[in-house]
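Trainee: show me how the following folds:
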Amino acid sequence: MDTATVRAVNALTARWTGAAVPPGKGTAFSAVGVWPLLAFLGGAADGPARDELERALGVPADDAIEHGRALLEELGGADGIDAALGVWTKREVPLRGDWLERLPPAVSGRLTGDPAVDRKELDGWAVRNTGGLIKEMPVALDDRTRMALASALCVQTRWQEPFWASTLEPRRGPWVGRKVAGLRRSGSDLNLLGVAQTSVGALTVLDVQGSNGIDVRLLLGEETAAAGDVLRAGTEVLAGAYEVLPGGRLAEGTPGPGVAVAEVTSFDSEPQLHTATAAFTVSDDHDLLERAELFGLEAARDTDHGHFPGVSDAPLAVGGARQSITASFSAEGFVAAAVTAFSMAAAGVPQDKAKFVTVTFDRPFGFLAVHRATGLVLTAGWVTDPHDAARGRWGW
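Mentor: Next comes the predicted model:
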């Protein structure tokens, strides 16, 4: 995967963290779902809309369509990731052949103008391309809608080392008094855990490795750190902006948020990393036009004139832009799906000493789902309302 594209998409993720996480609210979002659509429009735009989209994309507009195509094709070819593109137009919007040819293979259809018929078609596409996790296309269709452009992303992995179910009973923080559906596991690789000193304070980072090259990073910041700051710092750590002190080098005591290090009596001298976290499902819907400047869509939403001559000779403006997303973390693995759409419109007596490290995520924390080989952030989110223990068993 092109490193310039990875940097550009991760930069959009970092910028979005500051706006996507209102205080006290859980969320998930995927810049990967948005970025290719911006690229396909940015490369076909003119005037101020082209300039704004180029700044939001972080790559030259002249090259944007090729970057977007390559990204979707490589995502679709990666283990554990499914990616799809859909384009629907009314008959009065003839698409330019050279624009369509530059896109990756896409479902291309017609909008009939009958809201019930069109809604059934687009919702069905969302269901089919997310394994039923997203049931509705997130944008509205109305009399002004001339075109819909959508991406679907589904990410799933099973843990290399699964967790076992337990109950968490937090003693401090906003989850005090709750019995939370907990997940626990133990292992000997201390370096899955690290602590970084960032601009917003200490940040604990735990890599939960999937079996297919997709990992989920759990992020726990200082209790006073804002959710957006924790997520942004997590993307900066991923980019190498801060030194991370691995678990094997952490000093005894409490060297990071949620971390405790001690020397204990053990059956052997092998170190231990014990993890306790919460099972969760986070879902959200985002109106991208509420943050139009972030996505380079301010000028493009002006319906006074067209902005995308490279798409069609018919004048087009962005009428709606939304994303629906869901992400679940369970004992067995992680699954997330997003649809982004634009309307145009071990007995015995222990003798040895061993290092024993625990990390506990028992208050709101962040997560990043990362393509291991490239460092591309696929989804990001913030957990404020984990599953309750009373829910019993859970899965995907």
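Trainee: for the protein, where's the lowest mean pLDDT among helices and strands?
Mentor: strand 352-360 (a mean of 77; mean pLDDT, DSSP states H and E).
Trainee: now the helix or strand that that one is followed by, how far from the centre of its chain.
Mentor: Next along the chain after strand 352-360, taking DSSP states H and E as the criterion, comes strand 365-371. Computed by C-alpha atoms, centre = their mean, to the nearest Å, the chain-centroid distance of strand 365-371 equals 7 Å.
Trainee: what secondary structure does residue 38 sit in?
Mentor: helix (DSSP: H, G, I helix; E, B strand; the rest coil).
Trainee: wait, it touches residue 59, no?
Mentor: No: under the criterion of C-beta atoms under 8 Å, residue 38 is not in contact with residue 59, lying 10.1 Å apart. (Glycine included, C-beta is placed from N, CA and C.)
Trainee: between the two, which is the more surrounded one?
Mentor: Legend: neighbour count by other C-beta atoms under 10 Å for residue 38 and residue 59, higher for residue 38 (27 against 21).
Trainee: give the contact list for that one.
Mentor: 53, 56, 57, 64, 68, 295, 296, 297 (C-beta atoms under 8 Å, 6 or more residues apart in numbering).
Trainee: ok, the fourth one touching residue 37?
Mentor: No: Residue 64 sits out of contact with residue 37 when judged by C-beta under 8 Å, with a separation of 10.7 Å.
Trainee: neighbour-wise, which of the two wins?
Mentor: residue 64 (27 against 23).
Trainee: and that one, that's in a helix?
Mentor: Yes: secondary structure of residue 64, determined by three-state DSSP: located in a helix.
Trainee: tell me the spacing between it and residue 321.
Mentor: The gap separating residue 64 from residue 321 is 16 Å, by C-beta to C-beta, to the nearest Å.
Trainee: go on, residue 119?
Mentor: 18 Å.
Trainee: the two: which is more packed in?
Mentor: More crowded of residue 119 and residue 321, by other C-beta under 10 Å: residue 321, with 28 against 14.
Trainee: now the closest residue to residue 2 other than its chain neighbours: which helix or strand?
Mentor: What sits nearest to residue 2 in space, not counting adjacent residues and going by C-beta to C-beta, 6 or more residues apart in numbering, is residue 70, at 6.2 Å. Element membership for residue 70, per DSSP H and E: helix 61-77.
Trainee: elements contacting that helix?
Mentor: In terms of contacts (3 or more C-beta pairs under 8 Å, 6 or more residues apart in numbering; DSSP states H and E), helix 61-77 is packed against helix 3-20, helix 31-42, helix 47-57, strand 81-89, helix 97-102.
Trainee: want to throw these into a markdown table with distance to residue 260 and mean pLDDT?
Mentor: Formatted as a markdown table, these follow (distance: least, C-beta to C-beta, whole Å; pLDDT from 0 to 100):
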| stretch | distance to residue 260 | mean pLDDT |
| --- | --- | --- |
| helix 3-20 | 28 | 91 |
| helix 31-42 | 34 | 97 |
| helix 47-57 | 42 | 97 |
| strand 81-89 | 35 | 95 |
| helix 97-102 | 54 | 93 |
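Trainee: show me what contacts the closest residue to residue 250 other than its chain neighbours?
Mentor: Once flanking residues are discounted, residue 250 sits nearest to residue 261: 5.1 Å by C-beta to C-beta, 6+ apart. By C-beta under 8 Å, 6+ apart, the residues touching residue 261 are 250, 251, 252, 253, 254, 255, 355, 356, 357.
Trainee: if you set the cut-off to 6 Å instead, what comes out?
Mentor: Residues counted as contacts of residue 261 (C-beta atoms under 6 Å, 6 or more residues apart in numbering) are 250, 252, 357.
Trainee: what strand or helix carries the residue lying closest to the second one once chain neighbours are set aside?
Mentor: Nearest residue to residue 252, sequence neighbours excluded (C-beta to C-beta, 6+ apart): residue 261, at 4.9 Å. For residue 261, the host element (DSSP H and E) is strand 259-266.
Trainee: and that strand, how far from the chain's centre?
Mentor: 34 Å.
Trainee: following it, which helix or strand comes up?
Mentor: Taking DSSP H and E, what comes next after strand 259-266 is strand 272-278.
Trainee: ok, that following strand: who's next to it in the sheet?
Mentor: strand 180-187 (antiparallel), strand 352-360 (parallel) (DSSP bridges).
Trainee: give me the angle between it and strand 365-371.
Mentor: 110 degrees (axes from the mean of the first three to the mean of the last three C-alpha atoms, to 10 degrees).
Trainee: now strand 272-278 and strand 259-266, what's the angle there?
Mentor: 130 degrees.
Trainee: just the mean pLDDT for strand 272-278, thanks.
Mentor: Looking at strand 272-278 alone, the average pLDDT works out to 95.
Trainee: may I see the buried residues of that strand?
Mentor: Using 16 or more other C-beta atoms under 10 Å as the test for burial, strand 272-278 gives 272, 273, 275, 276, 277, 278.
Trainee: how about the helices in the stretch 101-250 of the chain?
Mentor: Applying DSSP state H, counting those that start in this stretch to the stretch 101-250 of the chain gives helices spanning 115-129, 227-238.
Trainee: quick check on residue 90: phi, psi?
Mentor: phi -80, psi 160 (degrees, to the nearest 10).
Trainee: against residue 388, how distant is the nearest residue to it once chain neighbours are set aside?
Mentor: With sequence-adjacent residues excluded and distances taken as C-beta to C-beta, 6+ apart, residue 90 is closest to residue 111, at 4.7 Å. Note on residue 111: its distance to residue 388, by C-beta to C-beta, is 43 Å.
Trainee: returning to that earlier point: indicate which one of the strands paired with strand 272-278 is closest to residue 81.
Mentor: Closest approach to residue 81 among those (C-beta to C-beta): strand 180-187, 23.3 Å.
Trainee: give me the contacts around that closest one.
Mentor: Contacts of strand 180-187 (C-beta under 6 Å, 6+ apart): 161, 163-164, 166-168, 272-279, 331, 386-387, 389, 391.
Trainee: assign residue 24 to helix, strand or coil.
Mentor: Going by three-state DSSP: residue 24 is coil.
Trainee: could you find the closest non-adjacent residue to it?
Mentor: Ranked by C-beta to C-beta, 6+ apart and with sequence neighbours excluded, the top spatial neighbour of residue 24 is residue 384, at 6.4 Å.
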